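Student: test case, fold it:
(one chain, ligands or ions: 1)
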Amino acid sequence: MKALLIRYGELALKGQNRPFFEDTLVRNIKKRLSDIDSVMVKKEQGRIFVENLSEEYFDEAIERLKRVFGIVGITICEVAEKNLEGIKQAAEVVTKSELEKGKKTFKVETKRADKKFELKSPEVSKLIGAHILRKFAEMYGLSVDVHNPDFTLNIEIRDKVYIYSSEEKGIGGMPFGTGGRAHLLLSGGIDSPVAGFMIAKRGVEIEAIHFYSFPYTGEKAKEKVIDLCKVLAKYTDKIKLYIVPFTEIQLSIYENCDERFLTIIMRRFMMKIAQKIAMQNGGLALITGESIGQVASQTMESLFCTQAAVSMPVFRPLIGMDKEEIIRLAKKIGTYDISILPYEDCCTVFVPKHPKTKPKLEQVLAEESKLKAEELIEKAVTNTEWMVIRDR
Ligand SMILES: Nc1ncnc2c1ncn2[C@@H]1O[C@H](COP(=O)(O)OP(=O)(O)OP(=O)(O)O)[C@@H](O)[C@H]1O
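Tutor: Coordinates of the predicted model:
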């Protein structure tokens, strides 16, 4: 019988909070596999096992588990009866699959979580190693190499015995939902989805906020953001997306303020609205895709003015990254191809010809005072629509 063995890393360090982190991870795994018939997920001394999974679903289950934050490694293992004969048979099955891949050297490593088992770990390793050699050395040229083996036959003795060799790497991070909630300002660009991913990877539940300038930006631009949320939801299970009508604010800034301050004032409105939505929905921080120096609105002076619009912490996980690094990550997580689709974003519609690259806060505030800010913000928040996007 086969099962999936899941390793998780960082969690083990969390002292008294450990059960909370582990239980959340188990719950997230169950949710991710919940549409697969009769599957069982159980936690046992530093490991999580997925049992009762029919073999046709293994690949799909592994693909999904590779996107669950908190998982460090996933292995298909043989489950054996807890006696030497059972272990030998299962070890043969695992070894055969490695021999088929052309592996030639091996070693055996045994962990005995169940101390009542009659043989100690080194004895099990020795007996099973000898058995495997007897069985396969001559026909396949298999030999032992304890220092640099092609594969390691791992044997874990628990309530049952689990035997496995190669492992698929998990995504790491902290289980989603263990780190509070934050609100991501999600444009249709390359950067903000990556920023959201990075914070979600630390266990933070993210909700996305998109500013939408109908009719200057069309349905396609909205669909693009929904598609980006679908990709992010593959890592987080679900994402709540708020769509904020932004046209009136942009027009009002355009008509009343010095053109050079358009972008920075618009950005400050976004932050204020996002903070309001976050506060109404249990968020404790905002997330943006800003990085220093990328565009006029991301100089130190601009960041200072944007930050001054809100009192909530603003997480900018990309702040020190190069564009190439961000693109690499966007490709890896699967948002890049959607982000580069050429639909207008609200920021690209109202672009000043000569933006202030080093705005002074007093000047920005003076320009802003020409607007009925509170009223505009209130109206935008009231007319905000939301939806929940799920994916596996
Ligand atoms: N229409 C929008 N809706 C929500 N957030 C936005 C919007 N436009 C910009 N933002 C937020 O402001 C940040 C800076 O936007 P800007 O357009 O200057 O930068 P960018 O580096 O091109 O970012 P991105 O690639 O995420 O669009 C974005 O990363 C995003 O967090």
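Student: what lies in contact with the longest strand along the chain?
Tutor: For the chain, the longest strand by residue count, based on DSSP state E, is strand 71-80. With CB atoms under 8 Å, 6 or more residues apart in numbering as the contact definition, strand 71-80 has outside contacts at 1-10, 25, 29, 51, 58, 62, 65-66, 86-87, 89-91, 93-94, 160-172. Backbone N, C-alpha and C define where each C-beta goes, glycine included.
Student: mind listing what's buried in that strand?
Tutor: 71-80 (16 or more other CB atoms under 10 Å).
Student: what average pLDDT does that strand get?
Tutor: The average pLDDT for strand 71-80 rounds to 95.
Student: paired strands for that strand, with orientation please.
Tutor: Strand pairing for strand 71-80, using DSSP bridges, gives strand 2-8 (antiparallel), strand 161-164 (antiparallel), strand 168-169 (antiparallel).
Student: closest one to the ligand among those strands?
Tutor: strand 168-169 (27.6 Å; CB to the nearest ligand atom).
Student: first to last residue in stretch 227-247, what's the distance?
Tutor: End-to-end span of stretch 227-247 (CA to CA, to the nearest Å): 22 Å.
Student: what residues does the protein put near the ligand?
Tutor: Residues of the chain lying close to the ligand by CB under 6 Å from any ligand atom are 185-187, 189-192, 209-211, 270, 288-290, 294-295, 297-298, 345-347.
Student: which ones among the residues you listed are found in strands?
Tutor: 185, 209-211.
Student: so after the longest strand of the chain, what's the next helix or strand?
Tutor: helix 84-100 (DSSP states H and E).
Student: pull the distance from that following helix to the chain's centre.
Tutor: Helix 84-100 has its C-alpha centroid displaced from the chain centroid by 35 Å (CA atoms, centre = their mean, to the nearest Å).
Student: kindly report the same for stretch 83-97.
Tutor: 36 Å.
Student: in that stretch, what counts as buried?
Tutor: By 16+ other CB under 10 Å, the buried positions in stretch 83-97 come out as 84, 86-88, 90-92, 94-95.
Student: can you tell me, leaving aside adjacent residues, what's nearest to His258?
Tutor: That one is not His; residue 258 is Asp. Once flanking residues are discounted, Asp258 sits nearest to Glu367: 5.4 Å by CB to CB, 6 or more residues apart in numbering.
Student: low-confidence stretches in the protein?
Tutor: Scanning the chain for pLDDT under 70 picks out the ranges 10-14, 294, 344, 346-349.
Student: Gly203 versus the closest residue to the ligand within it, what's the distance?
Tutor: Here the chain gets closest to the ligand at one residue, Gly189, 2.2 Å apart by CB to the nearest ligand atom. From Gly189 over to Gly203 the distance is 25 Å, taken as CB to CB, to the nearest Å.
Student: domains of the protein: list them as residue ranges, please.
Tutor: 2-169, 181-390 (the TED database).
Student: can you tell me the closest non-neighbouring residue to Gly289?
Tutor: In space, Gly289 comes closest to Asp191 once its chain neighbours are excluded; the distance is 3.0 Å by CB to CB, 6+ apart.
Student: ok, now which ones touch that neighbour?
Tutor: 289-291, 294, 318, 326.
Student: now, which of those residues lie within helices?
Tutor: Those of the contacts of Asp191 mapping onto helices are Ile326, per DSSP state H.
Student: out of the contacts of Asp191, which is nearest to Phe20?
Tutor: Lowest distance from Phe20 to those (CB to CB) belongs to Leu318, with 29.3 Å.
Student: what is the burial count for the residue lying closest to that closest one once chain neighbours are set aside?
Tutor: Excluding the flanking residues, the one nearest Leu318 by CB to CB, 6+ apart is Ser291, at 4.4 Å. Ser291 has 21 neighbours, counted by other CB atoms under 10 Å.
Student: again, but for Lys370
Tutor: 14.
Student: wait, it sits on Glu255?
Tutor: No - counting by CB atoms under 8 Å, Glu255 is not a contact partner of Lys370; they are 9.5 Å apart.
Student: overlap in contacts, the two.
Tutor: With CB under 8 Å, 6+ apart, Lys370 and Glu255 have no common neighbours.
Student: please enumerate the strands of the stretch 251-392 of the chain.
Tutor: 286-287, 314-315, 385-390 (DSSP state E, counting those that start in this stretch).
Student: what's near enough to touch Leu65?
Tutor: Shown in contact with Leu65 (CB under 8 Å, 6+ apart): 4, 6, 29, 32-33, 50, 71, 74, 170.
Student: hang on, I meant Asn148
Tutor: By CB under 8 Å, 6+ apart, the neighbours of Asn148 are Thr105.
Student: state the distance from it to Ile163.
Tutor: Asn148 is 21 Å from Ile163, by CB to CB.
Student: next: Gly141.
Tutor: Gly141 sits 22 Å away from Ile163, going by CB to CB.
Student: same check, this time on Gly177
Tutor: Per CB to CB, Gly177 is found 33 Å from Ile163.
Student: residue ranges for the strands of the stretch 1-150 of the chain, please.
Tutor: 2-8, 40-44, 47-51, 71-80, 105-112, 143-144.
Student: got the CA positions of the fifth one in CSV?
Tutor: Think strand 105-112. The C-alpha coordinates for strand 105-112 follow below in CSV (Å, rounded to 0.1, in the frame of the first residue of the first chain):
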residue,chain,number,x,y,z
THR,A,105,24.3,2.8,-5.1
PHE,A,106,22.3,3.2,-2.0
LYS,A,107,22.3,3.3,1.8
VAL,A,108,19.6,2.6,4.4
GLU,A,109,18.6,5.0,7.1
THR,A,110,16.1,4.0,9.8
LYS,A,111,14.2,6.1,12.3
ARG,A,112,12.4,4.3,15.1
